[in-house]
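> Need coordinates for the following:
(2 chains)
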Amino acid sequence: MSTAFRLTDSTLRDGSHALSHRYTTDQVASIVRGLDAAGVPVIEVSHGDGLGGSSFNYGFSSTDERELVSAAVAAATTARIAVLLLPGIGVADDLRDMADRGVQVARIATHCTEADISEQHIRLAKRLGMEAVGFLMMAHMAEPGELLAQARLMESYGADCVYVVDSAGAMTTADARARVGTLVEGLGCQVGHHAHNNLSLAVANSLAALEEGAAQLDGCCAGLGAGAGNCPTEVLVATCDKLGLATGVDPLEAIAVAEDLVRPLRPAMGVIDRAGLLLGYAGVYGSFLLHAQRAADRYGVDTGEILLELGRRGVVGGQEDMILDVALELARQAAPTPAGQGSAAGRGPR
Amino acid sequence: MTLSCVVIGSGNIGTDLMMKLRRSPSLELRALVGIDPASEGLARARELGVEATAEGIDWVEAHAGELDLAFEATSARVHAANAPRLAAAGITAIDLTPARLGPPVVPGVNLTRHLDAPNLNLITCGGQATAPIVAAVASASPVPYAEIVSTVASRSAGPGTRQNIDEFTRTTARSLEEVGGAGHGKAIIILNPADPPILMRNTVFCALADGYDEAAVAGAVEDMVARVAAYVPGYRLKSPPVFEEGPFATPGGPAAARVVALLEVEGAGDFLPPYAGNLDIMTAAAVRVGEALAEARASQGVPA
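Okay, the predicted model is just below:
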């Protein structure tokens, strides 16, 4: 059956942020079985920050992502398993290991203006016989023309598709249309869109991207994901069904996976509360949220203040270490005694 | 005693290195060596009264008798080709490329162990900025796992770094083990395109076992920052070292706590702009290594 677009479900990758990277192999296997049976063609599994993301900076995975990926490959019958890799975090050996485990799609992500650091990994993915997808993160920070120039680099390295990734959920529908439309017009390869829901526009922007010619879209069950969450897979599928757009995915089965397998995991993110909205409003990387809340608690400062200052500083995805930097600075500003009292000044509560 | 040296490579790094070497009391810059007669770096050398040649490694070989040191500021591939010729000519190589033919060195940490090596490798800018901090922590408490996040301004990351980001990441991680003494090392490299460009930032996380001495660890880190700042004046801590209680399940085993050092590197602005602290720390470390070789040879009475 021909479909209106190809859906990649990222519940087990972007959704991992909302669970502080604590997926178990049993949870991965059951969610993959559910999505596979529902007809989802591609399922992404990795640490939320991609291969090698397990770290002090982004949070350690409680189960090694290699075991999670192998469990996913074993559980899938028709769905293909994808992984995410950010050059500078994951390395080539991680990708080789994933190819050996049966992963068929490699999504290589860079900040939207730094596409040229993806060359080694996109070329390697192709040499390993994988489908290679370029993933231009924080794409709201680049104007459409600039984004196209970056996307062309990824295409020139061999990418089969390049995504406009709204990592901060900061794009209006017009923003998403302009970027996706410009890439569709200027590239020979496919174009995808990855939406976040901070402005409550994830499904609307995904549908707009489709109208502009996007061939691939992302979702996460129950909208699980960094910040205010992703485009909810089951809502996207159900809406497409009403619009007469073929997805190849059974809406009721997708709803069942979201309701019965994902909601019981009690995610810590995925709502448009003050912090969730501020991320989209200030254009800050969604996965900063939980780290900012923890630093706010530890150092007695406000989560929203941290997020807004990160936005002012122009930090990019991956710079979670700057959350601590900002929290310490805010704590010093608020402290009644002068800063510089030795190491105790920065110590959190025991 | 002064050592006679050349800089091979007339790009941005070689030019910045030339500016620093002209100020060194113990290193005499004999020439800037390039391969392109139209190179801006060679023109700048001539303006400053430094001999400039576009004859490349052939020139160096022809003048081998007058030379003690060669700073290699080309690329890993070029250095791999040049290294045997420098060795055969009896010229010590100080390698700023990621070729990793010689031992990885960081001044003030492990340089004294490698003063006789024919080839010394300066790792990466991220390694120069962070491995000393890991070594400092390890001197006060075992470090089963160390992790660094090194963020540089996009404009200061050249094509060599970008096209070889995988090697850059792995080489930096390995230096945390080989030079820093961590049981397991991980490096994260980020490029930030903000305009105006950000200064280089480095964050070092070290896992700490139960029973660590907070004052000893903090003191060791602060001492090390002062030692690096002696040759990289813009190297500084943004906050006193931060101690956070775990437990943490690190790849090096469970850890009771972690210490976090938030560092900034502002370049000296010799030729490269101040935001390019990542490049400044490489050229400054290279000069420091050359000066340490001069001191060592003087004390050993080795003829120049």
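
> what's the residue nearest to A:Ser70 when sequence neighbours are not counted in contact with, if anything?
Computed as CB to CB, 6 or more residues apart in numbering or on different chains, the closest residue to A:Ser70 that is not its neighbour in sequence is A:Arg101, at 5.2 Å. Just so you know, the C-beta spots here come from the backbone N, C-alpha and C atoms, and that holds for glycine as well. Residues near A:Arg101 by CB atoms under 8 Å, 6 or more residues apart in numbering or on different chains: A:Arg66, A:Val69, A:Ser70, A:Val73.

> following the helix or strand of chain B with the lowest mean pLDDT, which helix or strand shows up next?
Least confident helix or strand of chain B, by mean pLDDT, DSSP states H and E, is helix B:159-163 with a mean of 87. For helix B:159-163, the succeeding helix or strand toward the C-terminus, using DSSP states H and E, is helix B:165-178.

> Report the contact partners of A:Val45.
A:Val45 neighbours (CB under 8 Å, 6+ apart): A:Leu12, A:Arg13, A:Val28, A:Val32, A:Glu65, A:Leu68, A:Val69, A:Ala72, A:Ile81, A:Ala82, A:Val83.

> switch to 10 Å and redo it
Applying CB atoms under 10 Å, 6 or more residues apart in numbering or on different chains to A:Val45 gives the contacts A:9-13, A:16, A:23, A:28, A:31-32, A:65, A:68-73, A:76, A:81-84, A:98, A:103.

> Give me the phi and psi angles of A:His193.
For A:His193, the backbone dihedrals are phi -140, psi 130 (criterion: degrees, to the nearest 10).

> Could you check how many residues crowd around it?
For A:His193, the neighbour count with other CB atoms under 10 Å in any protein chain shown is 30.

> Distance-wise, check it relative to A:Val42.
Counting by CB to CB, to the nearest Å, the gap from A:His193 to A:Val42 is 14 Å.

> and if you look at A:Tyr163?
Distance, A:Tyr163 to A:Val42, by CB to CB: 12 Å.

> Identify the contacts common to those two.
A:Thr8, A:Arg107, A:Val133, A:Gln216, A:Asp218.

> Narrow the residues you listed to just the buried residues.
Buried residues within these, defined by neighbour count using 16 or more other CB atoms under 10 Å in any protein chain shown: A:Thr8, A:Arg107, A:Val133, A:Gln216, A:Asp218.

> And the strands in the stretch 201-350 of chain A?
Per DSSP state E, counting those that start in this stretch, the stretch 201-350 of chain A carries strands over the ranges A:216-219.

> For it, which segments are assigned as helices?
Listed in chain order, the helices of the stretch 201-350 of chain A (DSSP state H, counting those that start in this stretch) span residues A:202-211, A:233-243, A:251-256, A:274-282, A:288-299, A:303-313, A:321-334.

> got the CA positions of the third one in CSV?
The reference is to helix A:251-256. Taking C-alpha atoms only, helix A:251-256 is exported to CSV below (Å, rounded to 0.1, in the frame of the first residue of the first chain):
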residue,chain,number,x,y,z
PRO,A,251,-5.1,4.2,14.5
LEU,A,252,-6.8,2.0,17.2
GLU,A,253,-3.7,-0.1,17.6
ALA,A,254,-1.5,3.0,17.9
ILE,A,255,-3.9,4.4,20.5
ALA,A,256,-3.6,1.1,22.4
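
> Output the contacting helices and strands for it.
Helices and strands touching helix A:251-256, by 3 or more CB pairs under 10 Å, 6 or more residues apart in numbering or on different chains; DSSP states H and E, are helix A:25-38, helix A:233-243.

> Using a markdown table, lay out those helices together with mean neighbour count, distance to B:Leu263 and mean pLDDT.
Converted to a markdown table, those look like this (neighbours: other CB atoms under 10 Å in any protein chain shown; distance: least, CB to CB, whole Å; pLDDT from 0 to 100):
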| stretch | mean neighbour count | distance to B:Leu263 | mean pLDDT |
| --- | --- | --- | --- |
| helix A:25-38 | 21 | 37 | 98 |
| helix A:233-243 | 21 | 42 | 98 |
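
> now for these, which one comes closest to A:Asp321?
helix A:25-38 (28.4 Å; CB to CB).

> ok, the helix or strand that the closest one is followed by: who's next to it in the sheet?
Remark: after helix A:25-38, the chain's next helix or strand is strand A:42-45, criterion DSSP H and E. If you go by DSSP bridges, strand A:42-45 pairs up with strand A:6-12 (parallel), strand A:80-85 (parallel).
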